[in-house]
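1. Fold the stuff below for me.
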Amino acid sequence: MQKRNQITGVSSGVKIAVLVMLLGLMAGCGSASGASGTSSTSTMSADVSSDITSTPATTTVFAMDTVMQLTAYGGDDALMQEASDRITALDSLLSTTNPDSEIYALNAQGTATVSPDTAALVEDGIKYGQLTGGLLDVTIYPVVRAWGFTTGEYQIPDADTLTELLKTVDYRSISFDADTSVVTLPEGVMVDFGSLAKGYTGDVLLKLFADNGITSAMVNLGGNVQTLGAKPDGSAWRVGIEDPSGDDYLGIVSVVNKTVITSGGYERYFTGDDGTVYWHIFDPRTGYPAKTGLLSVSIITDTGIYAEALSTSLFVMGLDQASDFWREHRDFEAVFITEDGDVYITSGLENSFTLSDTDTGRTLTVIQP
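-> Numbers count the residues shown, from 1 in each chain. Model (predicted):
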């Protein structure tokens, strides 16, 4: 394998392309640096309901290689500690590199009896593999590892190595017995739920908040933004979509009780000696980074797990196929940013997405049903 030493643009985390610009979030929050290396400042409207404290419960956790910020109106320290503990537990279960994790044991042994959380992700991995025609494939791990994205020792695998590794990439080869919670993998097959784990974690956290009577909350898991209800004053949360070509945000989407998750190849990559950029989003059909003319895909939908699956797979599809996928399913909205700098949004965002600067010369196109 030929080693590439020129490394640039690497960040800790897999999907960190959403720059949070939650205008009107909370007074005195200050700024916090996320895993993408950018800072976001939040301010809170003073107009809050009488039954919800104007000072939210907050906490920050570093897990899954990223900074996670949790905010819950009406919450307390005990609830935030419970949420933090839940994140830590999931991180311990799902890590591919932690020898004590269930995923590490499964990959090493080829079979394992797993916990309910891991079982849920196994089932989701199979489900979304089927939905996307294999473009979201949780068995891509041997390929990702060969490129060095698990260790930071980046390299370009030779063609013969990739050909052999691709023989092990097929989500359909995963065997899961729901009655016994036993997962079995064929020889050479390994799984990685990095493409789903943060979305699943966000769903778990919002359920925890809702079960404890919280009606207004936001979790920012390294740029994956998931919201519970509206802001306390009844207005929408405003989430900024990062500009792949710069350090600012390109546009703002207003959401209530929705998730906003972005996949962008520009967030984690290395540059070869010949100047070619190799990023962390792989096409399971080729074993190479997906090059489809897109720089980022943002998904707006009800759950984190679905948004995670789609943000990756639609990036691999490219604009035309992804647009057709949206027309077929219509249970999510999307923002696509092309390598040419143009912006495409699905029609359901016409009244909730705005470009942050209309003088940049960018073309904004609405994808119609």
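2. count of residues packed around S356?
-> The local packing of S356 (other Cβ atoms under 10 Å) involves 14 other residues. In this view, the C-beta of every residue, glycine as well, is placed from N, C-alpha and C.
3. show me the contacts for it.
-> Contacts for S356 (Cβ atoms under 8 Å, 6 or more residues apart in numbering) come out as 240, 248-252.
4. Quick one: buried ones out of those residues?
-> Burial by neighbour count, judged by 16 or more other Cβ atoms under 10 Å, picks out 240, 249-252 from the contacts of S356.
5. quick one, helices of the stretch 251-369 of the chain?
-> Using DSSP state H, counting those that start in this stretch, the helices found in the stretch 251-369 of the chain span residues 304-317, 319-329.
6. Mean neighbour count for those - can I get that in TSV?
-> Shown next, in TSV, are the helices of the stretch 251-369 of the chain (neighbours: other Cβ atoms under 10 Å):
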stretch	mean neighbour count
helix 304-317	27
helix 319-329	16
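7. And M68, how far from N220?
-> Separation of M68 from N220 (Cβ to Cβ, to the nearest Å): 7 Å.
8. One more: L90?
-> 16 Å.
9. So between the two, which is more surrounded?
-> Between L90 and N220, N220 has the larger neighbour count (other Cβ under 10 Å), namely 27 against 23.
10. A strand includes the more buried one, no?
-> Yes. Membership of N220 in a strand is supported by DSSP: H, G, I helix; E, B strand; the rest coil.
11. With adjacent residues omitted, what lies nearest to it?
-> Q69 (4.5 Å; Cβ to Cβ, 6 or more residues apart in numbering).
12. Give me the sheet partners of the helix or strand that contains that neighbour and which way each runs.
-> In this structure, Q69 sits in strand 66-73 according to DSSP states H and E. Each strand paired with strand 66-73, and its direction, by DSSP bridges: strand 57-63 (antiparallel), strand 216-221 (antiparallel).
13. Using CSV, write out every CA atom in the longest one.
-> Okay, so that is strand 57-63. The C-alpha trace of strand 57-63 is given here as CSV (Å, rounded to 0.1, in the frame of the first residue of the first chain):
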residue,chain,number,x,y,z
ALA,A,57,-30.5,22.5,32.2
THR,A,58,-27.4,22.0,30.1
THR,A,59,-24.4,19.7,29.9
THR,A,60,-21.5,19.0,27.6
VAL,A,61,-20.1,15.5,27.0
PHE,A,62,-17.2,14.3,24.9
ALA,A,63,-18.0,10.9,23.4
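14. And that strand, how far out from the chain middle?
-> 17 Å (Cα atoms, centre = their mean, to the nearest Å).
15. okay, the strands paired with strand 66-73 in JSON lines with distance to R362 next?
-> What follows is those, written out as JSON lines (distance: least, Cβ to Cβ, whole Å):
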{"stretch": "strand 57-63", "distance to R362": "33"}
{"stretch": "strand 216-221", "distance to R362": "25"}
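16. Can you tell me which of the ones you listed is most buried?
-> For these, average neighbour numbers computed from mean count of other Cβ atoms under 10 Å are highest in strand 216-221, which has a mean of 27.
17. and the next element down the chain from the longest helix seen in the chain?
-> Assignment by DSSP state H gives helix 77-94 as the longest helix of the chain. On the C-terminal side of helix 77-94, the nearest following helix or strand under DSSP H and E is helix 102-109.
18. Quick check: buried residues in the helix or strand that that next one is followed by?
-> The helix or strand immediately downstream of helix 102-109 is strand 111-113, counting by DSSP H and E. Neighbour counts over strand 111-113 (16+ other Cβ under 10 Å) mark A112 as buried.
19. swap in stretch 335-355?
-> 335-338, 343-346, 348-349, 352-353, 355.
20. so can I have JSON lines of those showing distance to G125 and pLDDT?
-> Below are the buried residues of stretch 335-355 laid out as JSON lines (distance: Cβ to Cβ, whole Å; pLDDT from 0 to 100):
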{"residue": "V335", "distance to G125": "25", "pLDDT": "98"}
{"residue": "F336", "distance to G125": "24", "pLDDT": "98"}
{"residue": "I337", "distance to G125": "27", "pLDDT": "96"}
{"residue": "T338", "distance to G125": "29", "pLDDT": "95"}
{"residue": "V343", "distance to G125": "31", "pLDDT": "96"}
{"residue": "Y344", "distance to G125": "28", "pLDDT": "98"}
{"residue": "I345", "distance to G125": "28", "pLDDT": "98"}
{"residue": "T346", "distance to G125": "25", "pLDDT": "98"}
{"residue": "G348", "distance to G125": "27", "pLDDT": "98"}
{"residue": "L349", "distance to G125": "28", "pLDDT": "98"}
{"residue": "S352", "distance to G125": "30", "pLDDT": "97"}
{"residue": "F353", "distance to G125": "30", "pLDDT": "97"}
{"residue": "L355", "distance to G125": "35", "pLDDT": "93"}
